[in-house]
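Asks: structure for this input, please:
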Amino acid sequence: MSTHALFGAGPALPPAYPERAAWGTAPKLRQWQEEALAKYFADSPRDFLAVATPGAGKTTFALRVATELVERRIVNRIVVVAPTDHLKRQWSDAAARVGLSIDPNFRNADGRHGEGFIGVAVTYAQVASKPMLHRAKTEGAKTLVILDEIHHGGDALSWGDGIREAFEPAIRRLALTGTPFRSDTAAIPFVEYAEDADGIRRSRSDYTYGYGDALRDHVVRPVIFMAYSGQMRWRTSAGEEMAASLGEAAVTKDITAQAWRTALNPNGEWIPAVLAAADRRLTEVRRTVPDAGGLVIATDHDDARAYAGRLKKITGESPTVILSDDAKASGKIEEFSASETRWMVAVRMVSEGVDVPRLAVGVYATSTATPLFFAQAVGRFVRARRRGETASVFLPSVPNLMALANQLELERDHALDRPDNNEDGFAPEEALMEAANRAEKASDELTKQKFEALESQASFDRVLFDGGEFGTGGEMGSEEELDFLGIPGLLDADQVGVLLRQRQQEQQSRRRRPAAASEPAAPQVVDHRQLTELRGQLAKNVSAWSARSGMPHGVIHTELRKACGGPAVAQANEEQLQRRLKKLQDWFIGRT
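Replies: Now for the predicted structure:
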């Protein structure tokens, strides 16, 4: 078959390939990309799995492999398989910059791609719907298949079967991922597995470049997690009124899920307060990075639109809203990426692979808590453009997310053969990750029940960075919170760590009281049920005073704290809560 027939009606490739300079401008490779490229061509494998953290440059590496293979006449056709339509276009644009013409508009019904293209970009779903079509095209040429985010090969049985059927004849397959694999019982096609000492088969990569490595090389940004707690109140499907502090350790998983859902309700005060804090952080970052942008990741379309409305009131500027069913979504993402607009609000489609390098501040306003989704969401903010840029992600102070944030550098392989050594059938190191999956399912079940969020109030909880926790908590707008919101936007990882420890020491010094001359008193017994009840009473009274005075809940809590002393509600003891309740009673009867 002629080259002309393989690539459509356009002109055939020349008999001798031109020098690389004529193909396009090849970007200078980073050290890890050079090492991975050298290993690839030294081994010359049919299958190669490269695991690299989001933002490290997997696309650049893969396209260099592709151009080398074409130049050496090892392949004459390229197929890129990506999770979404937007990523197809993103791959096509990146390939064009290095002189490779990839058609992102190919449809199964077309039969062949457009003129002059060396290959196509398709989605996993597209391949799964017509695997034999893609197999025939793979067999018809010396094909390189680039499987972007290969973990999607395990998302659905049809997807895995589809890519296995379609691309088994390919002479080269390059698999890429930057996401922690979840445990499963089905092997991902074209991924090698090796049995470890525990008898568990785990995926084996040919080259791995983790977040910790990339951070040390200044390839990615350090991520500061700003965690927010607060008092929540809601009514259950049984009509029972409940109250709890977000992230409170003493409550059940169901109560945590309901408190979390209450916090994310756009009609409460938690979301507006956290959005305002995130916007303040963005303003600080933009002092040194003028085009820095922010992204809010929402659970559904209704919430996304509502959050956008809140941001417009806060900033005076309409944010870009990205909805998964919007045909213009890709264009909006590209327009936002090239602009200096402050905020973008999206549901899911910006969580994986989408390249908007100027994103520096994020708000994790979704109840999705799987390790895969969390890692991909955080990955949107870590791409470094110059040394010293930092990323800040705001999130609810709930155990699942705190654990995932503290384990950002954890590298995980795809594990098969689940052991039976615990009730969930997972190895101990995977139990925490699977708990996050269960929490997401529990949240989905809650959406099917009658539920009414009544009130939410935000308070600053702590900062998480590099496995450490910093801060002593505080009300919104307090000195304790502003200490961290005001961190400069240009700091390398070591400087971030030093500054966070410094702020922590300053806050502890402010709170430290002179030591008493006498022996310390014996520790008091804390009744957590009493604390929960008092917090609920305080929330109701603050709500009532807000309705009478027009003052926001956060301002009322700040005024109470100024008048009565003590820490934020989540950290206050029984005596401190009682004093605040008494002060509120004085306000109601007109006493100051």
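Asks: name the SS class of Thr60, please.
Replies: Assigned with DSSP: H, G, I helix; E, B strand; the rest coil, Thr60 falls in the helix class.
Asks: quick check: closest non-adjacent residue to Ala244.
Replies: Leaving aside its chain neighbours, Ala244 sits nearest to Ala259 (4.7 Å; criterion: C-beta to C-beta, 6 or more residues apart in numbering). Heads up, the C-betas are built off the backbone N, CA and C, glycines and all.
Asks: the strand or helix carrying that neighbour - contacts with which helices or strands?
Replies: Using DSSP states H and E, Ala259 maps to helix 253-264. Where contact means 3 or more C-beta pairs under 8 Å, 6 or more residues apart in numbering; DSSP states H and E, helix 253-264 is packed against strand 231-235, strand 241-245, helix 270-285, strand 391-396, helix 428-447, strand 452-456.
Asks: quickly, which of those bottoms out on average pLDDT?
Replies: Sorting these by mean pLDDT places helix 428-447 lowest, at a mean of 42.
Asks: rewinding a little: now do the residue nearest to Ala244 against Glu455, distance only.
Replies: For Ala259, the distance to Glu455 (C-beta to C-beta, to the nearest Å) stands at 11 Å.
Asks: what residues are shared contacts of those two?
Replies: Shared contacts of Ala259 and Glu455 (C-beta atoms under 8 Å, 6 or more residues apart in numbering): Met232.
Asks: these two: who's more crowded?
Replies: Legend: neighbour count by other C-beta atoms under 10 Å for Ala259 and Glu455, higher for Ala259 (28 against 22).
Asks: enumerate every residue touching that one.
Replies: Going by C-beta under 8 Å, 6+ apart, Ala259 touches 232, 234, 244-248, 251, 398.
Asks: looking at neighbours, which among the residues you listed is most surrounded?
Replies: Met232 (32 neighbours).
Asks: what mean pLDDT would you report for stretch 484-492?
Replies: Mean pLDDT, stretch 484-492: 85.
Asks: which of the residues in that stretch are classified as buried?
Replies: Residues of stretch 484-492 classed as buried under the neighbour-count rule (16 or more other C-beta atoms under 10 Å) are 484-485, 487, 489, 491-492.
Asks: then that stretch to CSV, C-alphas only?
Replies: The C-alpha coordinates for stretch 484-492 follow below in CSV (Å, rounded to 0.1, in the frame of the first residue of the first chain):
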residue,chain,number,x,y,z
PHE,A,484,-1.1,32.6,55.5
LEU,A,485,-3.2,34.3,52.8
GLY,A,486,-0.5,36.9,52.5
ILE,A,487,2.4,34.5,51.7
PRO,A,488,4.2,35.9,48.6
GLY,A,489,3.3,34.3,45.3
LEU,A,490,7.0,33.7,44.3
LEU,A,491,8.7,31.3,46.6
ASP,A,492,10.5,28.0,46.0
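Asks: may I ask which helix or strand encompasses Gly497?
Replies: Counting by DSSP H and E, the element that carries Gly497 is helix 493-511.
Asks: tell me the first helix or strand C-terminal of that helix.
Replies: Following helix 493-511 in sequence, per DSSP H and E, is helix 528-549.
Asks: so which elements touch that next one?
Replies: Short answer (3+ C-beta pairs under 8 Å, 6+ apart): helix 528-549 packs on strand 231-235, strand 241-245, strand 452-456, helix 553-564, helix 574-588.
Asks: quick one, it and strand 231-235 angle?
Replies: With axes from the mean of the first three to the mean of the last three C-alpha atoms, to 10 degrees applied, the angle from helix 528-549 to strand 231-235 works out at 90 degrees.
Asks: how distant is helix 528-549 from the center of its chain?
Replies: Relative to its chain's centre, helix 528-549 lies at 33 Å (C-alpha atoms, centre = their mean, to the nearest Å).
Asks: now the angle from that helix to helix 253-264?
Replies: Angle between the axes of helix 528-549 and helix 253-264 is 20 degrees (criterion: the same axes, to 10 degrees).
Asks: what residues does helix 528-549 touch?
Replies: With C-beta under 8 Å, 6+ apart as the test, helix 528-549 has contacts from 231, 233, 243-245, 248, 250-251, 455, 457, 551-553, 556-557, 560, 569, 573-574, 577-578, 580-581, 584-585, 587-588.
Asks: one more pass at 7 Å, please.
Replies: 231, 233, 243-245, 250, 455, 457, 552-553, 556-557, 569, 574, 577-578, 580-581, 584, 587 (C-beta atoms under 7 Å, 6 or more residues apart in numbering).
Asks: report pLDDT for the nearest residue to Ile171 once chain neighbours are set aside.
Replies: Distances taken as C-beta to C-beta, 6+ apart place Lys142 nearest to Ile171, at 5.4 Å, with adjacent residues excluded. At Lys142, the model reports a pLDDT of 95.
Asks: same check on Lys58?
Replies: 91.
Asks: picking up where we left off before, mind checking the pLDDT average for the helix holding Ala259?
Replies: Across helix 253-264, the per-residue pLDDT values average to 88.
Asks: just the angle between it and strand 391-396, please?
Replies: Going by the same axes, to 10 degrees, helix 253-264 is angled at 120 degrees with respect to strand 391-396.
Asks: report the buried residues of helix 253-264.
Replies: Neighbour-count burial for helix 253-264 flags 255-264 (criterion: 16+ other C-beta under 10 Å).
Asks: go on, stretch 576-585?
Replies: Applying a neighbour-count criterion of 16+ other C-beta under 10 Å, one finds 576-577, 579-581, 583-584 buried in stretch 576-585.
Asks: nearest to Ala277 among the residues you listed?
Replies: Arg580 (22.3 Å; C-beta to C-beta).
Asks: neighbours of the closest residue to that closest one other than its chain neighbours, how many?
Replies: With sequence-adjacent residues excluded and distances taken as C-beta to C-beta, 6+ apart, Arg580 is closest to Leu560, at 4.5 Å. By the criterion of other C-beta under 10 Å, Leu560 has 26 neighbours.
Asks: what does the one 3 residues further on give?
Replies: Taking other C-beta under 10 Å as the neighbour definition, Ala563 ends up with a count of 14.
Asks: can you pull the contacts of the nearest residue to it once chain neighbours are set aside?
Replies: Distance criterion C-beta to C-beta, 6+ apart; nearest residue to Ala563, sequence neighbours excluded, is Lys583 at 5.5 Å. The contact partners of Lys583, by C-beta under 7 Å, 6+ apart, come to 560, 563-564.
Asks: now do Ala128
Replies: Contacts of Ala128 (C-beta under 7 Å, 6+ apart): 158-159, 162.
Asks: tabulate those residues (CSV), appending neighbour count, secondary structure and pLDDT.
Replies: Formatted as CSV, the contacts of Ala128 follow (neighbours: other C-beta atoms under 10 Å; DSSP: H, G, I helix; E, B strand; the rest coil; pLDDT from 0 to 100):
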residue, neighbour count, secondary structure, pLDDT
Ser158, 14, helix, 78
Trp159, 22, helix, 84
Gly162, 25, helix, 90
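Asks: closest to Val191 among those?
Replies: Minimum distance to Val191 across the contacts of Ala128 is 13.5 Å, recorded for Trp159 (C-beta to C-beta).
Asks: my read: the closest one touches Ile150, true?
Replies: No: counting by C-beta atoms under 7 Å, Trp159 does not reach Ile150; the two are 10.7 Å apart.
Asks: for stretch 88-101, buried residues please.
Replies: 88-92, 94-95, 98-101.
Asks: stretch 202-221 too?
Replies: Buried residues in stretch 202-221, defined by neighbour count with 16+ other C-beta under 10 Å: 202-203, 205-215, 219-221.
Asks: run the chain-centre distance for it.
Replies: Using C-alpha atoms, centre = their mean, the offset of stretch 202-221 from its chain centre is 17 Å.
Asks: for that stretch, give me every contacting residue.
Replies: With contact meaning C-beta under 7 Å, 6+ apart, stretch 202-221 is reached by 30-32, 36, 39, 45, 48-53, 55-56, 181, 191-194, 196, 222, 381-384, 387, 389-391, 408-409, 411, 413-415, 492-493.
Asks: and those, which of them are in strands?
Replies: Assigned to strands by DSSP state E, the following of the contacts of stretch 202-221 qualify: 48-52, 192-194, 391.
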